[in-house]
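Peer 1: Just need the structure, nothing else, for what follows:
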Amino acid sequence: MPAPKKRLFGTISRLSSGKYRARYTGPDGKKYSGPHPFFTKDDAGAWLRQEQKLIEFDEWQPPHLRYRTKEDDARTVGDWLRQWLDLQEKRLKPSTMVNYRTTLDRRILTITGKAGRLRTIPLVRLTRRDVIDWWDALTIQFGYQPYNRAAYVRLRTAIQAAVDRDLIPTNPVDVKEARHKPKPARKELPEAATMQKIVDNLNPTHKIIGILTFFHGMRIGEVLGLRRKDITITGDTILIHIRGNAYRTSDGMKYQDTPKTSASHRTIPVFKKFHQDIIEHLATIGDSPDAFICTTGSGKIILDTSYRSVLHRAKTRAGITERISPHYGRVWLITTLVEQGMTIPAIGELLGQVDLKTITEIYMRTSNARRQEALQRVSDSLMGS
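Peer 2: Now for the predicted structure:
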């Protein structure tokens, strides 16, 4: 029996179903298959001849672009981003979803000006040039800031999801300037006395927030999410159990019964200096174990933005002009614990910080007094040698 004649263009293979699959290598060097299995070998061959003619007459495009449905043609980048966000609802925590939606809203889905054009572009026609134009417009409008890059990262992930679903062939979200994470602003080491002055100028409702963020390294969402049952008092020991987290939405603060990360689930001992403050504060809230400890007069969880405004006014009353936010307490506590000899992993467990590199490179500082002490000891050792 003579060997089957080799095809000059493409290949046809029989599937286990009895149908035929046609494939060929396009001008771009990629493999392409027919839109569906063919019932006969002749049908598969006819499709290959059509593709070959398109190439010969320089009218060829990748098949997926020619077989797009009307729905594909009509789907804009904005449409896909909203669809992608909906797909994340069951996968991500509510607080994370709020972050995702807010970031994409502010930088793509509701933004005005040139940057807003991106959401109107059909997904199948999105190009790298379009993405670069969007990025440049953001930079002109807002400057080069971490929030812009957060939007870029979300966009790239969402568009990659479209690639994975064969909606588009490649991911055009590739901007050189956006690849690198901006270096965060250095948080200077605050003095304990400075933080105490600010705490002393906070009103009784907000004082506990200052104590727990400044001196115990808690994140503000962790403090605002505390309930009465999360604080246990046994003899002369007071423990804070981080079991949840509060996050901001358009409807106010919401509570989720899981912390920010798995490492955030931890227990924090309260320094004795602040025991009486904790006891006095607990006396002002309801007896229910589920009662939140940081609430407004109407019983709602205090907004994080409201507390920051209160903190700013307390700084002014205390005569403090240096920059300081609730997160600066983590800088102070990490540095203080290191100076007292606690290991970095142990500090990471106490503060719920799984990335130990962040502790050493971003948070940890050396106080001027300790720096001078160390230099003096080196100097003394040299004098005696």
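Peer 1: So what touches stretch 249-267?
Peer 2: Stretch 249-267 has contacts (Cβ atoms under 8 Å, 6 or more residues apart in numbering) with 93-95, 98, 219, 221-222, 224-225, 239-248, 292, 300-304, 348-350, 352-354. Every C-beta, even on glycine, is put in place using the N, C-alpha and C of the backbone.
Peer 1: Return the members of these classed as buried.
Peer 2: In the contacts of stretch 249-267, burial by neighbour count holds for 95, 98, 219, 221-222, 224-225, 240, 242-248, 292, 301-302, 304, 348, 350, 352-353, counting by 16 or more other Cβ atoms under 10 Å.
Peer 1: Filter those down to the ones in strands?
Peer 2: Ile240, Ile242, Asn245, Ala246, Tyr247, Arg248 (DSSP state E).
Peer 1: Dump the residues you listed to a markdown table, plus pLDDT.
Peer 2: As requested, these are arranged in a markdown table below (pLDDT from 0 to 100):
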| residue | pLDDT |
| --- | --- |
| Ile240 | 93 |
| Ile242 | 91 |
| Asn245 | 89 |
| Ala246 | 91 |
| Tyr247 | 89 |
| Arg248 | 88 |
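Peer 1: okay, those residues in JSON lines with distance to Lys273 next?
Peer 2: What follows is these, written out as JSON lines (distance: Cβ to Cβ, whole Å):
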{"residue": "Ile240", "distance to Lys273": "15"}
{"residue": "Ile242", "distance to Lys273": "21"}
{"residue": "Asn245", "distance to Lys273": "26"}
{"residue": "Ala246", "distance to Lys273": "25"}
{"residue": "Tyr247", "distance to Lys273": "30"}
{"residue": "Arg248", "distance to Lys273": "30"}
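Peer 1: between those, which is nearest Tyr32?
Peer 2: Closest approach to Tyr32 among those (Cβ to Cβ): Tyr247, at 46.2 Å.
Peer 1: can you pull the contacts of the residue nearest to the closest one when sequence neighbours are not counted?
Peer 2: Nearest residue to Tyr247, sequence neighbours excluded (Cβ to Cβ, 6 or more residues apart in numbering): Ser95, at 3.6 Å. By Cβ under 8 Å, 6+ apart, the contact list for Ser95 reads Gly221, Asn245, Tyr247, Lys254, Gln256, Lys260.
Peer 1: Can you pick out the most distant pair from those residues?
Peer 2: Lys254 and Lys260 (13.7 Å).
Peer 1: what about the helix or strand hosting Ser309, average pLDDT?
Peer 2: Element membership for Ser309, per DSSP states H and E: helix 304-318. Helix 304-318 carries an average pLDDT of 94.
Peer 1: And stretch 86-106, by the same measure?
Peer 2: 89.
Peer 1: got the end-to-end distance for it?
Peer 2: 17 Å (Cα to Cα, to the nearest Å).
Peer 1: which parts of it are buried?
Peer 2: Result for stretch 86-106 [16+ other Cβ under 10 Å]: buried residues Gln88, Ser95, Met97, Val98, Asn99, Tyr100, Arg101, Thr102, Thr103, Leu104.
Peer 1: these two touch, right, Thr127 and Asn171?
Peer 2: No: applying Cβ atoms under 8 Å as the test, Thr127 and Asn171 come out as separate, 11.3 Å apart.
Peer 1: hang on, the earlier thing: from the chain's centre, how far out does the helix holding Ser309 sit?
Peer 2: 26 Å (Cα atoms, centre = their mean, to the nearest Å).
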